[in-house]
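J.: 3D, please:
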Amino acid sequence: MMQSVVMVIAQKEIKDSLRNRWVIFIALIFLILSLSVTFAGSAVAGHLSLPELDALMSSLSTVSVFIIPLAAMLVSYDAFVGEDESGTLLLLMSYPISRLQILMGKLLGHALIMSATSCFAFGLTAVLLLLFGETYEAQVVLSRFAQFIVSSILLAITFILLGYIVSLKSTEKAKAVGSILFLWFVFVLIYDLILLAILVADLSFMNQYLINALIALNPTDLYRAVNLVGSDAGSGSLALLSSSTMGKLGFYCAMLLWSLALLAIAHRVFQRRTL
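T.: Here you go, the predicted structure:
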């Protein structure tokens, strides 16, 4: 019963996003972003010039970390406050379904939207890379892009849940928009810049355990690190970020913990919300 209810709500969210052109818009943004980063060198060189795979993944993760969180929160910020203003949330709550089912249905729908757009844009980029790049090994390219897509989906889910918490806490859509922009600014810009400055400063009290903890406190830095670890990320702060001792499994576990913790918080806030 719970599974069927969750699927019905998920389908409704997907249809709403298709009707609002959100899916097409996000897919095009991701595709333009990915193709621009991959083939931008060709415009400068005057001929087809593709970057090294490590450099490409570093550039993609650096740019995507700005776009994916914002897209995820724009999809989810009105999931509850918007329906509350229109009266559909009260109607939905009148049916014999739990708030957890509503939350999980919305999350499934929005997660599928972000997954589909990520797979389309970044998957197509990987295919084009193999078609036009003679020096790339197919297995390596597919493996790196698969990892990139999985981490992008996890990052999107994290910020979808942050959007839900904002939506549940807000009384008006306008306030929700302001709140998600503030959260995006803090997580993507402020914290990230502070962490990179600390890594470059090489302070005496810093050690690898503290660096790991600072990375784990921000999902955007976890996303960067999981796509840079073990690669030739260059020099400076990115090289220090990629040299973290947590490893890929540790980064993935930390990203999953972020999602689970935010899901628990969103559910608790929803339970306390009065309609």
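
J.: do you know how far L199 is from A40?
T.: Applying CB to CB, to the nearest Å, the value for L199 to A40 is 26 Å. Using the backbone N, CA and C atoms, a C-beta is placed for each residue, glycine as well.

J.: The two - which one has more neighbours?
T.: L199 (21 against 13; other CB atoms under 10 Å).

J.: which residue sits closest to Y223 in space, ignoring its chain neighbours?
T.: Closest residue to Y223 apart from its sequence neighbours, by CB to CB, 6 or more residues apart in numbering: L155 at 4.5 Å.

J.: Quick check: which element contains the one you found?
T.: Assigned by DSSP states H and E, L155 falls within helix 138-169.

J.: what's the burial count for the residue nearest to Y223?
T.: When neighbours are counted by other CB under 10 Å, L155 comes out with 27.

J.: Skip ahead from the helix holding L155 and say which helix or strand is next.
T.: Following helix 138-169 toward the C-terminus (DSSP H and E): helix 173-184.

J.: Could you list the buried residues of that next one?
T.: Neighbour-count burial for helix 173-184, counted by 16 or more other CB atoms under 10 Å, picks out A176, V177, S179, I180, L183, W184.

J.: which residues does the second one contact?
T.: With CB atoms under 8 Å, 6 or more residues apart in numbering as the criterion, the residues that contact V177 are Y77.

J.: On the pLDDT front, check it for me.
T.: What the model reports as pLDDT for V177 is 92.

J.: how much space between it and I29?
T.: 18 Å.

J.: and A79, which of the three is it?
T.: coil (DSSP: H, G, I helix; E, B strand; the rest coil).

J.: got the contact list for it?
T.: Shown in contact with A79 (CB under 8 Å, 6+ apart): E13, K106, H110, G163, Y164, S167.

J.: Same check on A254?
T.: Here A254 is in contact with I215, A216, L222, M246 (criterion: CB under 8 Å, 6+ apart).

J.: List just the nearest of these to D78.
T.: Of all those, D78 sits closest to L222, with 26.6 Å by CB to CB.

J.: quick one: the helices in the chain?
T.: Shown for the chain, the helices assigned by DSSP state H span residues 2-19, 22-45, 53-76, 81-86, 88-93, 99-132, 138-169, 173-184, 191-201, 208-216, 219-228, 237-242, 247-272.

J.: Having no further points to raise, I will conclude here.
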